[in-house]
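J.: Quick one: sequence plus predicted model below, questions after.
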Amino acid sequence: MNLEEIKEFMKGVPWGILATSDGRRVGARPMGGWAWRADELWCATHGSSDKIGQLKEVPYAEYCFCDSEGNHVRIGGLCTVSSDNAEKLWLYEAVPALKDHIADPASSEYVVIKLRPDNIRFMASSDLKYTQIELR
């Protein structure tokens, strides 16, 4: 499996679980509102959320996407948080469902988490072992 196949798999699993930590507590939450931009996985959130507070302490996260059969991909990497209006607008336009949750893409409360993967692993439910995915 390669990165393009991982991206195709993710299209069938629109919600992922994003895990973050501040070094003491771990938070894992379902997250939609994501899109790949080049080699980064971007997702929308509110700037005052717990996940943003945790990323300020430990700027690393892991996203897990799992289908109904147990096949799943884990994508971990360093994260930056962007409040750049051009980047927010790009994600807002790339993910039409965001319009149901964010009235104005220029809102100061809306930010983008940009995860740059350094570790991508896929597990088919029939194998029960991870396959490391080559990063470009």
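T.: Good, I have the coordinates.

J.: All the helices of the protein, in order from the start?
T.: 3-11, 50-57, 85-94 (DSSP state H).

J.: Residue 75 is nearest to which of those?
T.: When the helices of the chain are compared by C-beta to C-beta, helix 3-11 sits nearest residue 75, at 7.8 Å. Any C-beta I mention is one placed from the backbone N, CA and C, and that applies to glycine too.

J.: and the closest one, how far from the chain's centre?
T.: Chain-centre distance of helix 3-11: 13 Å, with C-alpha atoms, centre = their mean, to the nearest Å.

J.: Stretch 97-106 too?
T.: 18 Å.

J.: send the alpha carbons of that stretch over as PDB?
T.: Listed next in PDB are the C-alpha coordinates belonging to stretch 97-106 (Å, rounded to 0.1, in the frame of the first residue of the first chain):
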ATOM      1  CA  ALA A  97     -19.500  20.300   5.300                       C
ATOM      2  CA  LEU A  98     -17.500  23.000   7.200                       C
ATOM      3  CA  LYS A  99     -20.100  25.500   6.000                       C
ATOM      4  CA  ASP A 100     -22.600  23.800   8.400                       C
ATOM      5  CA  HIS A 101     -20.300  24.600  11.400                       C
ATOM      6  CA  ILE A 102     -18.300  27.700  10.500                       C
ATOM      7  CA  ALA A 103     -20.200  30.700   9.400                       C
ATOM      8  CA  ASP A 104     -17.200  32.800   8.400                       C
ATOM      9  CA  PRO A 105     -13.900  31.300   7.400                       C
ATOM     10  CA  ALA A 106     -12.100  34.500   8.400                       C
END
